[in-house]
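Undergrad: here are the coordinates; sequence isn't available:
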């Protein structure tokens, strides 16, 4: 088939179908890869892999749909765009760390007892008897 707009040979319909499928695959694989890589803090906090894969999938799907002009191709391209917007929105808006509330820096914490990593009880009052105590709360993925 000859494409009159560009003066070049247009890709066959089968190739366009493969591009639509590739767009959907990239868009769906983005979040799957993100959840598979949760153990890597930098990748988890930046979401660079899915936020690269998903736009590539959406652009590929929309481009293939404009060339294909079939209803199912446009449906797939719409799916790509909705998935991208949903994931990006959840990463940028919903996963925002809330503003810290509670103690001021250098304030005295109330007495408490918790278990340490080895299952032994830790009493703040006992630790304060040996000198100053620095409390560090790690909020993250173990």
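TA: Yep, it's here. Small disclaimer: the values here were computed from a predicted structure and weren't measured.
Undergrad: CA atoms for contacts and neighbours, from now on please.
TA: Fine.
Undergrad: which parts of the protein are strands?
TA: Ranges of strands within the chain are 113-115, 121-123, based on DSSP state E.
Undergrad: just checking: what are the partner strands of the last one?
TA: The strands that strand 121-123 pairs with in its sheet are strand 113-115 (antiparallel) (by DSSP bridges).
Undergrad: quick one: mean pLDDT for the strand it pairs with?
TA: Per-residue pLDDT over strand 113-115 has a mean of 87.
Undergrad: what's the spacing between that strand and its chain's center?
TA: Distance of strand 113-115 from the chain centroid (CA atoms, centre = their mean, to the nearest Å) equals 34 Å.
Undergrad: equivalent analysis for stretch 60-75, please.
TA: On CA atoms, centre = their mean, the centre of stretch 60-75 falls 26 Å from the chain's centre.
Undergrad: from residue 32, how far off is the nearest residue to residue 44 once chain neighbours are set aside?
TA: Counting by CA to CA, 6 or more residues apart in numbering, the nearest residue to residue 44 once its immediate chain neighbours are dropped is residue 38, at 5.2 Å. Distance, residue 38 to residue 32, using CA to CA, to the nearest Å: 10 Å.
Undergrad: what do you get for residue 132?
TA: Taking CA to CA as the measure, residue 132 falls 45 Å from residue 32.
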